[in-house]
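Chemist: Sharing a model that was predicted from the sequence below.
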Amino acid sequence: QVQLVESGGGTVQAGGSLRLSCAASGSILRMELMGWYRQAPGKPRELVATVNNDGETWYPASVKGRFTISRDNARSTTSLLLTSLKPEDTANYYCAAGGSDVADRFQMGFILSRGQGTQVIVSS
């Protein structure tokens, strides 16, 4: 099983930027989707970005235009660039690898592996 390890979290002021990285212990070529989730205390998990092997990306309205996901299959890495950060973006962010949902190919239908996460704190 591929292990995923995130890095790049931290504390930033509102309006600032962070780049999160996710390194896989093995190849991610067979991972149809790479994605990033976030979860804040007391709130449900939220999928914030996915990218498939064709480089097609998806974002929910809450982060579209501010977050950018990318994947590098040669290096087995996935990144998430967070810009124009808001206090409500504060959460633990973790990357995941899996397959698409049969109803929506950009949604994670199942997760094969996920990391422990990296904390992002946005101060006002």
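Modeler: Noted; the coordinates are in hand. Numbering: from 1, shown residues only.

Chemist: among the helices and strands of this structure, which has the poorest mean pLDDT?
Modeler: Ranked by mean pLDDT, DSSP states H and E, the weakest helix or strand in the chain is strand 108-114, scoring a mean of 94.

Chemist: contacting residues for the closest residue to residue 85 other than its chain neighbours?
Modeler: The shortest distance from residue 85 to any non-neighbouring residue, by C-beta to C-beta, 6 or more residues apart in numbering, is to residue 122 (4.6 Å). (Glycine included, C-beta is placed from N, CA and C.) By C-beta atoms under 8 Å, 6 or more residues apart in numbering, residue 122 lies in contact with 11, 12, 13, 14, 16, 85, 86, 87, 88, 89, 90.

Chemist: redo that, cut-off 7 Å
Modeler: Residue 122 makes contacts with 12, 14, 85, 86, 87, 89, 90, as judged by C-beta atoms under 7 Å, 6 or more residues apart in numbering.
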